[in-house]
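S.K.: next input, structure requested:
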Amino acid sequence: MAADKRKAMKKQWRIKEQTIWITAIIGGAIGCTAGMFLFRHKTKHTSFRLGLPIIALPHLYIIINSLSSV
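M.R.: Model (predicted):
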(Lines give C-alpha, C1' and ligand atoms only; values in the text may rest on other atoms or scores of the structure.)
Protein backbone atom coordinates (compact mmCIF):
# COMPACT_ATOMS: atom_id res chain seq x y z
CA MET A 1 0.00 0.00 0.00
CA ALA A 2 2.86 2.36 0.79
CA ALA A 3 4.48 1.77 -2.61
CA ASP A 4 1.20 2.31 -4.47
CA LYS A 5 0.46 5.45 -2.45
CA ARG A 6 3.90 6.88 -3.32
CA LYS A 7 3.36 6.07 -6.99
CA ALA A 8 -0.08 7.69 -6.91
CA MET A 9 1.32 10.87 -5.39
CA LYS A 10 4.05 11.01 -8.05
CA LYS A 11 1.56 10.22 -10.86
CA GLN A 12 3.58 7.13 -11.81
CA TRP A 13 2.57 3.70 -13.06
CA ARG A 14 0.45 2.07 -10.33
CA ILE A 15 0.15 -1.39 -8.82
CA LYS A 16 -2.91 -3.15 -10.24
CA GLU A 17 -5.85 -3.55 -7.88
CA GLN A 18 -5.95 -7.19 -8.96
CA THR A 19 -2.43 -7.63 -7.57
CA ILE A 20 -3.51 -6.17 -4.24
CA TRP A 21 -6.51 -8.53 -4.08
CA ILE A 22 -4.42 -11.59 -4.96
CA THR A 23 -1.84 -10.64 -2.32
CA ALA A 24 -4.62 -10.30 0.24
CA ILE A 25 -6.23 -13.62 -0.66
CA ILE A 26 -3.03 -15.67 -0.51
CA GLY A 27 -2.24 -14.47 2.99
CA GLY A 28 -1.52 -10.77 3.00
CA ALA A 29 -4.95 -9.48 3.99
CA ILE A 30 -3.88 -8.47 7.49
CA GLY A 31 -0.94 -6.47 6.14
CA CYS A 32 -2.96 -4.98 3.30
CA THR A 33 -5.68 -3.89 5.73
CA ALA A 34 -3.16 -2.38 8.14
CA GLY A 35 -1.34 -0.63 5.28
CA MET A 36 -4.58 0.68 3.82
CA PHE A 37 -5.47 2.48 7.05
CA LEU A 38 -1.91 3.40 8.02
CA PHE A 39 -1.15 5.06 4.68
CA ARG A 40 -4.76 6.15 4.04
CA HIS A 41 -4.71 4.48 0.67
CA LYS A 42 -7.76 2.92 -1.02
CA THR A 43 -9.93 3.87 1.96
CA LYS A 44 -12.48 5.62 -0.26
CA HIS A 45 -13.10 2.36 -2.12
CA THR A 46 -15.88 0.49 -0.31
CA SER A 47 -14.71 -2.79 -1.81
CA PHE A 48 -11.29 -2.37 -0.18
CA ARG A 49 -12.56 -0.84 3.07
CA LEU A 50 -14.90 -3.80 3.64
CA GLY A 51 -13.34 -6.56 1.55
CA LEU A 52 -9.83 -6.60 2.96
CA PRO A 53 -10.93 -6.89 6.61
CA ILE A 54 -13.41 -9.64 5.65
CA ILE A 55 -10.63 -11.57 3.93
CA ALA A 56 -8.39 -10.97 6.96
CA LEU A 57 -10.84 -12.62 9.39
CA PRO A 58 -10.18 -16.23 8.32
CA HIS A 59 -6.45 -15.50 8.28
CA LEU A 60 -6.65 -14.23 11.86
CA TYR A 61 -8.70 -17.28 12.85
CA ILE A 62 -6.07 -19.61 11.39
CA ILE A 63 -3.23 -17.75 13.10
CA ILE A 64 -4.97 -17.69 16.49
CA ASN A 65 -5.87 -21.38 16.29
CA SER A 66 -2.39 -22.40 15.23
CA LEU A 67 -0.83 -20.40 18.07
CA SER A 68 -3.25 -21.73 20.69
CA SER A 69 -2.57 -25.34 19.72
CA VAL A 70 1.18 -25.00 20.28
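
S.K.: so what touches the longest helix along the chain?
M.R.: The longest helix of the chain (DSSP state H) is helix 46-68. Applying C-beta atoms under 8 Å, 6 or more residues apart in numbering, the contact partners of helix 46-68 are 20, 21, 24, 25, 27, 29, 30, 32, 33, 36, 42, 43. Backbone N, C-alpha and C define where each C-beta goes, glycine included.

S.K.: and these, which two are furthest apart?
M.R.: 27 and 43 (21.7 Å; C-beta to C-beta).

S.K.: let's verify the closest residue to residue 24 other than its chain neighbours: helix, strand, or coil?
M.R.: Using C-beta to C-beta, 6 or more residues apart in numbering and skipping residues adjacent in sequence, the residue nearest residue 24 is residue 32, 4.6 Å away. Here residue 32 is recorded as helix under DSSP: H, G, I helix; E, B strand; the rest coil.

S.K.: residue 32 and residue 25: what is the separation?
M.R.: Distance of residue 32 to residue 25, given as C-beta to C-beta, to the nearest Å: 10 Å.

S.K.: more neighbours: these two, which one.
M.R.: A direct count of neighbours by other C-beta atoms under 10 Å for residue 32 and residue 25 places residue 32 higher, at 23 against 13.

S.K.: verify the stated contact: the more buried one with residue 23.
M.R.: Yes - Residue 32 is within contact range of residue 23, at 6.3 Å (criterion: C-beta atoms under 8 Å).

S.K.: shared neighbours of the two, anything?
M.R.: With C-beta under 8 Å, 6+ apart, residue 32 and residue 23 have no common neighbours.

S.K.: could I get the phi/psi values of the nearest residue to residue 2 once chain neighbours are set aside?
M.R.: Distances taken as C-beta to C-beta, 6+ apart place residue 39 nearest to residue 2, at 5.2 Å, with adjacent residues excluded. When read as degrees, to the nearest 10, the backbone of residue 39 gives phi -100, psi 0.
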